[in-house]
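Student: Okay, sequence plus prediction incoming.
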Amino acid sequence: QVQLVESGGGQAQAGGSLRLSCAASGPTFDRLVMGWFRQAPGKAREFVAGINGRGDSAYYADSVKGRFTISRDNAKNMVYLQMSSLTLEDTAVYYCNADLSVVNGRAWSGESWGQGTQVTVSA
């Protein structure tokens, strides 16, 4: 199982930006589809973005398209989520996920999760 550790969460004003990072362990990192999910208070965990092993295909939830960018550095076993034009609705705990599947716009999470990092957006 892949070990994942997120960092980079915090507070931002609406319209601002944050960058999340996820450090992964394991020798097969570059074969895994990696992604981010988030969970707001009282809501179910939802898919945010995913990226294939080579890093040349990305997938986004409609709610973040054009505002968030997922990327990876296979040499460093890292995944990133650049978040811009933040809104109050982006407030959530963000989780890194490994080996997820994305088919026809739907995402199924893999078994490996990080501990989560809080993102709070204020007006």
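Tutor: Received the coordinates, thanks.

Student: When you work out contacts or count neighbours from here on, use the C-alpha atoms and nothing else.
Tutor: OK.

Student: does the residue nearest the centre of the chain count as helix, strand or coil?
Tutor: By C-alpha atoms, centre = their mean, the chain has its centre lying nearest to residue 36, at 2.3 Å. Assigned by DSSP: H, G, I helix; E, B strand; the rest coil, the conformation of residue 36 is strand.

Student: ranges for the strands of this protein?
Tutor: Assigned by DSSP state E, the strands in the chain fall at 4-7, 10-13, 18-24, 34-39, 46-51, 58-60, 68-73, 78-83, 92-98, 101-103, 106-108, 112-113, 117-122.

Student: mind putting the ones you listed in TSV, mean pLDDT included?
Tutor: Output for those, formatted as TSV (pLDDT from 0 to 100):
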stretch	mean pLDDT
strand 4-7	96
strand 10-13	97
strand 18-24	98
strand 34-39	98
strand 46-51	97
strand 58-60	96
strand 68-73	98
strand 78-83	98
strand 92-98	97
strand 101-103	91
strand 106-108	91
strand 112-113	94
strand 117-122	98
